[in-house]
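S.K.: return a 3D structure for these sequence lines:
(chains A and B)
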Amino acid sequence: MLNKKAKLAENLLDKTKLEMLATRVGYGKGLVEAGEKDRRVVVLCADLTESTHSHWFKEKFPERFIEMGVAEQNMATVAAGMANYGKIPFISSYAAFSPGRNNEQIRTTITLNNLPVKIGGAHAGISVGPDGATHQQLEDIALMRVQPNMVVLVPCDAVEAQKATVAAAFNNKPTYIRFGREKSPVFTTQETPFKIGRAEVFRDLPAGPPAGRTGRQEEKTCTIVGCGMLLYNALVAAEELSKEGIECEVINSHTVKPLDEKTIIKSAKKTGAVVSVEEHQIDGGLGSAVAEVLARNYPIPQEFVGVQNRFGESGKPDELIESFGMGIGSIKSAVKKVLNRKNS
Amino acid sequence: MSYHLHEDKIKELELKANEIRRSIIEMLVEAGSGHTAGPLGMADVFTAFYFHILNHDPKNPFWEERDRLILSNGHICPVRYAAMAHAGYFPIEELKTLRKFGTRLQGHPERERLPGVETTSGPLGSGLGQACGIAYAARMDDKKFRTYCFMSDGEHDAGNLWESVMFAGKYKLSNLTGLIDRNNIQIDGMTEDIMPLENLRAKYEAFNWHVLEIDGHNFEEIVNAVEEAKAIYEKPTVIISHNIPGKGIPEIEFDYRWHGIPPGSGPTDKIPAKEQASHFLNDLRTLQGKITSEHE
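M.R.: Below is the predicted model of the structure:
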């Protein structure tokens, strides 16, 4: 059942009643909000001002907006210099180029310098759609989370994206924030708690045994840890599974680094099985981070929903999500598979 | 023509540069690895900056109004460390810890470890962008300090650097001065063989920079160029500093093989490895043999 403390949107499971907004819209709003709060906030953009929604900041604070041209490597180094001086720079581009192209500059001049540059990576994931594999960044979480000092945030909807952007402005750390291109359901609210480094339980296990069963509850329970807009699919999948007598705890791990180990281990101990869900390669992403934590603390069977070590291709966002195995049906199958492993 | 330097000051700087060269040789020998040619070639430029040009306070390296000196080609850090130690940032004795476990003097300089190095560098081509960021931010806040960026010539092979050149030209960062260690060598050979850079002046001019060329071993020229750059309001200035790699040690001068190795591991066709350190130190002690030691 949905966790009331998470204060999620009403009618959550009826997609037609939810507002649809891209997470990059939340980034654009967050930039303006952060800019209003602190004059040190500056925004640099590599010739993608509208599609990263940095243009709202540009219109409001033209003197604090810097057009970089198609030069993501320079953008990272200039931002490092500005943070070195004392500014709070956000750098906006597509994730395929930043941090895709400028990884070394981020490493040497931002994370090794430990400077609070904020990297906004838009158009991440396969849901970029028709643009195809070159623009569907599927390795960025892996690239960013292995760098010491880096914070990695993957907001699940536009409202959370705005909160993540504002929070990142004031965490005084190098921070990567990942956004999607496509509109997705807004299922959190302004009241939904958000704190960097703290995962939120969006759906928890019912107090009693699963419907229609009297046996041991833990046999048919599973943890789903997700991030990004696929978290919505995870909630829908959990609801449908509940009708089949399978109960899932769904955790929003918007902070991939530092991972909220405590919340994940606690849930793992309750359910004994875990499925990770992310719009990213299964190698090196959130699923890997979860597996690393559980292997060290409480090893249990895990299944990974994500892109299976291949590049994307052109198509409609929805059909790509389905055909690459990240739809609601795929999440349900992964839960059933991991439950078989747990109980065998 | 000396506009800015008294003759006594020039003498003082020359002696200081010689001390810094000796420190470079000593620290490299002690470390057993590191770069020799570049640091020796830039010793005069670093001396001019740390002992005359920079507005800085070695006792307060985080002073907000300080001039920023960004070293992009981090591998020549022994000369920066030596200049900083002689200027009073830290004890000269600490130079012996270069490249050793636990040292603040990392093989390539790190901002987080040693106050005063300003930026972490080593991977080439990314210093100018950081200098641009500092200069741009400083101008936003009407700060009066200047930002300097030292670059190697070889790192001009890198695309990131030219992105930064283009950026500084577009935004007319006149509070930024670049200085290129034009010593014509890089690891694999001569720059014009590896990836030709000329016409370097024309390239910078085409990107809307003011360009000056100097003899990087002439203190008057170094100081005069920096002063001229301050007077150029409408664009950034780059000083192409023609330097002799290994300057001060005849056996090292002009020889690209000395790019990335310390005395004691150098080419042995002129001096046996074992004798290199003492030979070079004696060269410096006697100002290339011009002064005969009273003990000899």
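
S.K.: from now on I want contacts and neighbour counts done on CA atoms only, so please keep to that.
M.R.: OK.

S.K.: is it true that A:Leu44 touches A:Gly69?
M.R.: No: applying C-alpha atoms under 8 Å as the test, A:Leu44 and A:Gly69 come out as separate, 9.6 Å apart.

S.K.: low-scoring stretches of chain B, by residue?
M.R.: Applying pLDDT under 70 to chain B flags residues B:1-3, B:287-296.

S.K.: just the helices in it please.
M.R.: B:7-31, B:37-41, B:43-48, B:77-87, B:127-140, B:159-170, B:191-194, B:200-206, B:219-230, B:273-285 (DSSP state H).

S.K.: what are the buried residues along the shortest one?
M.R.: It refers to helix B:191-194. B:Thr191 (16 or more other C-alpha atoms under 10 Å in any protein chain shown).

S.K.: need the contact partners of it.
M.R.: Helix B:191-194 is touched from outside by B:Asp153, B:Gly154, B:Asn184, B:Ile185, B:Asp188, B:Leu197, B:Glu198, with contacts defined as C-alpha atoms under 8 Å, 6 or more residues apart in numbering or on different chains.

S.K.: with the last one instead?
M.R.: Applying C-alpha under 8 Å, 6+ apart, the contact partners of helix B:273-285 are B:18, B:21-22, B:25-26, B:29, B:248-249, B:263-267, B:288-289.

S.K.: return it as CSV; C-alpha atoms alone will do.
M.R.: Written as CSV, here are the backbone C-alpha positions of helix B:273-285 (Å, rounded to 0.1, in the frame of the first residue of the first chain):
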residue,chain,number,x,y,z
ALA,B,273,74.0,9.1,-14.9
LYS,B,274,75.7,9.0,-11.6
GLU,B,275,77.5,12.3,-12.1
GLN,B,276,74.5,14.3,-13.5
ALA,B,277,73.2,15.8,-10.3
SER,B,278,76.5,17.0,-8.9
HIS,B,279,77.6,18.2,-12.3
PHE,B,280,74.4,20.2,-12.8
LEU,B,281,74.4,21.7,-9.3
ASN,B,282,78.0,22.7,-9.8
ASP,B,283,77.0,24.4,-13.0
LEU,B,284,74.4,26.4,-11.2
ARG,B,285,76.5,27.1,-8.2
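
S.K.: neighbours of the closest residue to B:Glu221 other than its chain neighbours, how many?
M.R.: Spatial nearest neighbour of B:Glu221, chain neighbours left out: B:Ile214 (5.9 Å); criterion: C-alpha to C-alpha, 6 or more residues apart in numbering or on different chains. By other C-alpha atoms under 10 Å in any protein chain shown, the residues close to B:Ile214 number 19.

S.K.: what sits against B:Ile214?
M.R.: Here B:Ile214 is in contact with B:Glu221, B:Ile222, B:Ala225, B:Ile239, B:Ile240, B:Ser241, B:His242 (C-alpha under 8 Å, 6+ apart).

S.K.: go again with 10 Å.
M.R.: B:Arg182, B:Glu220, B:Glu221, B:Ile222, B:Val223, B:Asn224, B:Ala225, B:Ile239, B:Ile240, B:Ser241, B:His242, B:Asn243 (C-alpha atoms under 10 Å, 6 or more residues apart in numbering or on different chains).

S.K.: and if you look at B:Leu176?
M.R.: Here B:Leu176 is in contact with B:68, B:128, B:131-132, B:134-136, B:145-149, B:168, B:229-230, B:235-238 (criterion: C-alpha under 10 Å, 6+ apart).

S.K.: please repeat the previous calculation with a cut-off of 7 Å.
M.R.: Each residue near B:Leu176 by C-alpha atoms under 7 Å, 6 or more residues apart in numbering or on different chains is listed here: B:Ala135, B:Arg146, B:Thr147, B:Tyr148, B:Pro236, B:Thr237.

S.K.: the fifth one against B:Lys170, yeah?
M.R.: No: between B:Pro236 and B:Lys170 no contact is recorded; they are 9.7 Å apart, counting by C-alpha atoms under 7 Å.

S.K.: and these two? Which one has more around it.
M.R.: Remark: of B:Pro236 and B:Lys170, B:Pro236 carries more neighbours, 27 against 15, as counted by other C-alpha under 10 Å.

S.K.: give me the number of residues near the nearest residue to that one once chain neighbours are set aside?
M.R.: Excluding its sequence neighbours, the residue lying closest to B:Pro236 (C-alpha to C-alpha, 6+ apart) is B:Ser174, at 4.2 Å. For B:Ser174, the neighbour count with other C-alpha under 10 Å is 24.

S.K.: from A:Phe97, how far off is B:Ser174?
M.R.: 30 Å (C-alpha to C-alpha, to the nearest Å).

S.K.: now swap in A:Ile88 and tell me
M.R.: Distance, A:Ile88 to A:Phe97, using C-alpha to C-alpha: 21 Å.

S.K.: tell me the contacts of B:Ile70?
M.R.: B:Glu118, B:Thr119, B:Gly127, B:Ala131, B:Tyr148, B:Cys149, B:Phe150.

S.K.: wait, what's in contact with the nearest residue to the second one once chain neighbours are set aside?
M.R.: This means B:Thr119. Excluding the flanking residues, the one nearest B:Thr119 by C-alpha to C-alpha, 6+ apart is B:Arg111, at 4.8 Å. B:Arg111 sits next to A:Asn113, B:Val117, B:Glu118, B:Thr119, B:Thr120 when contact means C-alpha under 7 Å, 6+ apart.

S.K.: what does B:Pro58 give?
M.R.: B:Ala87, B:Gly88, B:Tyr89.

S.K.: could you rerun that using 8 Å?
M.R.: When contacts are counted by C-alpha under 8 Å, 6+ apart, B:Pro58 touches B:Met84, B:Ala87, B:Gly88, B:Tyr89, B:Gly116.

S.K.: one step back: looking at A:Ile88 and A:Phe97, which is more packed in?
M.R.: A:Ile88 (27 against 22).

S.K.: grab the nearest non-local neighbour of the more buried one.
M.R.: That would be A:Val41: by C-alpha to C-alpha, 6+ apart, it lies 4.6 Å from A:Ile88.

S.K.: could you check how far that neighbour is from A:Ala167?
M.R.: Taken as C-alpha to C-alpha, the span from A:Val41 to A:Ala167 is 12 Å.

S.K.: which parts of chain B sit against chain A?
M.R.: Residues of chain B found near chain A (C-alpha under 8 Å from any C-alpha of the partner chain) are B:110-112, B:119-121, B:123, B:126-127, B:129-134, B:136-138, B:160-161, B:163-164, B:167.

S.K.: how about a cut-off of 7 Å?
M.R.: Counting by C-alpha under 7 Å from any C-alpha of the partner chain, chain B comes close to chain A at B:111-112, B:119-120, B:126, B:129-134, B:137, B:160, B:163-164.

S.K.: most neighbours among these, please name it.
M.R.: In the residues of chain B next to chain A, the most neighbours by other C-alpha under 10 Å go to B:Ala131, 36 neighbours.

S.K.: B:Thr147 versus that one, what's the distance?
M.R.: Distance, B:Ala131 to B:Thr147, by C-alpha to C-alpha: 6 Å.

S.K.: return the residues in contact with the residue nearest to B:Pro236.
M.R.: The contact partners of B:Ser174, taken as C-alpha under 7 Å, 6+ apart, are B:Ile232, B:Tyr233, B:Glu234, B:Lys235, B:Pro236, B:Thr237.
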